[in-house]
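1. 3D model of this:
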Amino acid sequence: MATFHISEIEAASDFAGLMARVRAGEEIVIESDTHPVAVLRPALRSRSISATIARRQARIT
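-> Okay, the predicted model is just below:
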């Protein structure tokens, strides 16, 4: 996963652009004077409950 560093001011001025980069798989580190303040990264994709149950049942049988 690529990591992109950006200042708070730049992040505030182009949040939509940052979200596009996150959707493309990048991790964004928002910094204040080179100190990390926040990290934006793609959310983990989770399975539905029914898919989880089906997978567990397949392992049991």
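2. Convert the C-alpha atoms of the least confident helix or strand in the chain by mean pLDDT to CSV, please.
-> Least confident element among the helices and strands of the chain, by mean pLDDT, DSSP states H and E: helix 49-60 (a mean of 81). The C-alpha coordinates for helix 49-60 follow below in CSV (Å, rounded to 0.1, in the frame of the first residue of the first chain):
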residue,chain,number,x,y,z
ILE,A,49,-23.0,-12.6,8.2
SER,A,50,-24.4,-15.2,5.8
ALA,A,51,-21.1,-15.5,4.0
THR,A,52,-19.3,-16.0,7.3
ILE,A,53,-21.8,-18.7,8.4
ALA,A,54,-21.5,-20.5,5.0
ARG,A,55,-17.8,-20.5,5.2
ARG,A,56,-17.7,-21.8,8.7
GLN,A,57,-20.2,-24.5,7.8
ALA,A,58,-18.1,-25.5,4.8
ARG,A,59,-15.1,-26.0,7.2
ILE,A,60,-17.2,-28.2,9.6
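3. And Ala43, how far from Met19?
-> From Ala43 across to Met19, the span is 12 Å (C-beta to C-beta, to the nearest Å). Quick note: C-beta positions are derived from backbone N, CA and C, even for glycine.
4. Compare neighbour counts for those two and give me the winner.
-> Regarding Ala43 and Met19, a neighbour count based on other C-beta atoms under 10 Å identifies Met19 as having more, with 12 against 6.
5. Low-confidence stretches in the protein?
-> Where the chain drops to pLDDT under 70, the residues are 47, 61.
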